[in-house]
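Chemist: would you be able to build a 3D model of this:
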Amino acid sequence: MSEYDITTGYLFRQFPEDFVKFVAGGAVENIKLADPVLKQMRYADATAYATIRAEYGTEMEVVVHIKFQTDADDTMPIRMAGYIGRLIDMYKRPIHASVIYLRPQEIDDPGVYQYTFPSEFMARYNVLKIWDFDGEELLAKRILGLLFYSNYFF
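Modeler: Predicted coordinates:
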């Protein structure tokens, strides 16, 4: 069902501000699409530059990466760790990574890949389930590019 992944990636390119504001939360500005330069990343992946302002006022330029995934995938933690590592190497900036699951189903994605022996490594990412999107909240926050995916119409 990768057609859903690819379609959502296309929509990201049409409404990058809405997707970035939704996954990053808080104050986000200076959003600019990044070229999908990694061969492993297709249209089911979306990457943008953004300046995110934290609650306490600090601003930081980050790369926002979103993976659109139709079905649950046990390999997602290691895949996301790989994407995050390659993006850090490529852009030399912090990465704000998220997976958005597109089909209602049982999802057991911990949002982290880690190991501790012989050394420690951890890559964290957000796990979002599209069927949990609240249409009223999206309307209130004016994140209209994602309204189609919300429970607002169902």
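Chemist: just give me the longest strand of this structure.
Modeler: Longest strand in the chain, counting residues (DSSP state E): strand 59-69.
Chemist: right, and the helix or strand after that one?
Modeler: helix 76-91 (DSSP states H and E).
Chemist: got a list of contacts for the helix or strand following that next one?
Modeler: Toward the C-terminus, helix 76-91 is succeeded by strand 95-101 as the next helix or strand (DSSP H and E). The contact list for strand 95-101 (CB atoms under 8 Å, 6 or more residues apart in numbering) reads 8, 23-24, 50, 52, 62-72, 76, 80, 83-84, 87-88, 107, 109, 111, 123-130. The way it works is simple: take the backbone N, C-alpha and C, and place the C-beta from them, glycine included.
Chemist: equivalent analysis for stretch 19-27, please.
Modeler: Under CB under 8 Å, 6+ apart, the answer for stretch 19-27 is 11-12, 28, 31, 46, 48, 50, 52-55, 62, 64, 66, 96, 98, 100, 126, 128, 138, 141, 143, 145-146.
Chemist: switch to 6 Å and redo it
Modeler: Contact with stretch 19-27 is made by 12, 28, 31, 48, 50, 52-53, 64, 66, 96, 98, 143, 146, as judged by CB atoms under 6 Å, 6 or more residues apart in numbering.
Chemist: could you find the lowest-pLDDT member of the residues you listed?
Modeler: Lowest pLDDT within the contacts of stretch 19-27 is found at residue 53 (70).
Chemist: dump the residue contacts of residue 93.
Modeler: 62-63.
Chemist: please report phi then psi for it.
Modeler: In terms of degrees, to the nearest 10, the main-chain angles of residue 93 are phi -140, psi 160.
Chemist: any chance of the contacts of stretch 19-27 in CSV, plus neighbour count?
Modeler: As requested, those are exported to CSV (neighbours: other CB atoms under 10 Å):
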residue, neighbour count
12, 24
28, 20
31, 18
48, 23
50, 22
52, 22
53, 14
64, 25
66, 27
96, 23
98, 21
143, 19
146, 23
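Chemist: what's the angle from the helix or strand of the chain with the lowest mean pLDDT to strand 95-101?
Modeler: Here the helix or strand of the chain ranked lowest by mean pLDDT, DSSP states H and E is strand 45-53, holding a mean of 74. Counting by axes from the mean of the first three to the mean of the last three CA atoms, to 10 degrees, strand 45-53 lies at 130 degrees to strand 95-101.
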